[in-house]
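Undergrad: coords please:
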Amino acid sequence: MTQDRRFNALIPDDRDRQLIQEYVRLAWLEKGLSRNTQLSYQRDLNHFACWLNARKSCLLQTTRADLQHYLDWRVGQAFKAVSTARVLSCLRGFYRYLLREGQIALDPTLNILSPKPGRPLPKTLTEADVESLLAAPDTNDLLGLRDRTMLELLYAAGLRVTELVSLRLDQVSVQQGVLRIVGKGDKERLVPVGDEALAWLQRYLKQVRPLLLTQAAEEVVFLSRRGTQMTRQTFWHRIRQHAVQAGIDKPLSPHVLRHAFATHLLNHGADLRVVQMLLGHADLSTTQIYTHVANHRLQLLHQAHHPRG
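TA: Numbering: from 1, shown residues only. Okay, here's the model as predicted:
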């Protein structure tokens, strides 16, 4: 961290310090701020004031250009976007106060856009992780074979866990190798299923499902030990058990397999719009996050294996 970034360890000039104290005191009276919030306001305003003082300026002389330069400087110093957005919010309140009190003629924060925090990359698994997870259930056991089939289908079709546990027999076409999925907003989509997953599904339907079947859940594909529709929570619990058996120590949920489905498709050259259709995303921008995952994975591979990575 550079010395330039540690302005919060410095003290603003007397006039700026007085303005900050007056504003924080008034904000406490008007908004009932907690002690921590008061300290946060004071720290953020002190930091900005010291940045201005180092450039021979002060809070009452701040222009829109000064504020924009400060925000750009924070980007260069690798401050997090969420931190800078919080600072800008504090500065908006401060300069509105100064404008209301007649101490400035123009609010320098007008038309300054808050930085948008980047979307976190979804957690995913490597292809080796997936293979280990799929191989974890004991397929000589009825429930183990069921779990293996559910995991295969989840990964092969990129389903949401709700779509998987509520899947009905009339949504499955073994002959055509497709599933008719009813997703969010009751929107339907056809999802192809690969030969491997299809083989496991046929085996489950023939060898396991009839033994678990009760009249209460005769249309549901995947049944619990009691012959009822499996809950999302139960399947989540089963996945975690199998992850432990597979030696996977990453945070794991059914949705992580959906992320892996999308990421691995893109890694192998699938078109983004095809992935969008398979996932059932209404907006392509929702799917684009997986391009960042794929690019991030490629960067890590390059760094790990290229002689000048």
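
Undergrad: What strand or helix carries residue 69?
TA: Element membership for residue 69 (DSSP states H and E) is helix 64-76.

Undergrad: for that helix, packing partners?
TA: In terms of contacts (3 or more C-beta pairs under 8 Å, 6 or more residues apart in numbering; DSSP states H and E), helix 64-76 is packed against helix 35-53, helix 81-100. Where you see a C-beta, it was placed from the backbone N, CA and C, and this is true even at glycine.

Undergrad: Report the angle between it and helix 35-53.
TA: 110 degrees (axes from the mean of the first three to the mean of the last three C-alpha atoms, to 10 degrees).

Undergrad: quick revisit: want to throw the helices and strands packed on helix 64-76 into CSV with distance to residue 203 and mean neighbour count?
TA: Formatted as CSV, these follow (distance: least, C-beta to C-beta, whole Å; neighbours: other C-beta atoms under 10 Å):
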stretch, distance to residue 203, mean neighbour count
helix 35-53, 58, 18
helix 81-100, 49, 17
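
Undergrad: mind giving me a markdown table with those and columns for mean pLDDT?
TA: A markdown table is the format used below for the helices and strands packed on helix 64-76 (pLDDT from 0 to 100):
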| stretch | mean pLDDT |
| --- | --- |
| helix 35-53 | 90 |
| helix 81-100 | 91 |
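
Undergrad: Export those helices as TSV, with columns for distance to residue 12.
TA: Below are the helices and strands packed on helix 64-76 laid out as TSV (distance: least, C-beta to C-beta, whole Å):
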stretch	distance to residue 12
helix 35-53	4
helix 81-100	13
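
Undergrad: Of those, which is nearest residue 20?
TA: Residue 20 lies closest to helix 35-53 among these, at 4.5 Å (C-beta to C-beta).

Undergrad: Apart from its chain neighbours, what residue comes closest to residue 86?
TA: Excluding the flanking residues, the one nearest residue 86 by C-beta to C-beta, 6 or more residues apart in numbering is residue 44, at 7.1 Å.

Undergrad: picking that back up, the helix holding residue 69 to helix 81-100, inter-axis angle?
TA: 160 degrees.

Undergrad: And helix 64-76, what's buried?
TA: Neighbour counts using 16 or more other C-beta atoms under 10 Å place 66-67, 70-71, 74 of helix 64-76 among the buried residues.

Undergrad: right, and out of those residues, which lies closest to residue 98?
TA: Using C-beta to C-beta, the buried residues of helix 64-76 come closest to residue 98 at residue 67, 13.1 Å.

Undergrad: just wondering, since we're on the closest one, how far is it from residue 249?
TA: From residue 67 across to residue 249, the span is 45 Å (C-beta to C-beta, to the nearest Å).

Undergrad: repeat for residue 142
TA: Relative to residue 249, residue 142 is positioned 28 Å away (criterion: C-beta to C-beta).

Undergrad: Please apply the same query to residue 221.
TA: Distance from residue 221 to residue 249, counting by C-beta to C-beta: 31 Å.

Undergrad: and if you look at residue 37?
TA: For residue 37, the distance to residue 249 - C-beta to C-beta - is 38 Å.

Undergrad: Give me the secondary structure label for residue 108.
TA: coil (DSSP: H, G, I helix; E, B strand; the rest coil).

Undergrad: Apologies, that question was intended for residue 181.
TA: Going by three-state DSSP: residue 181 is strand.
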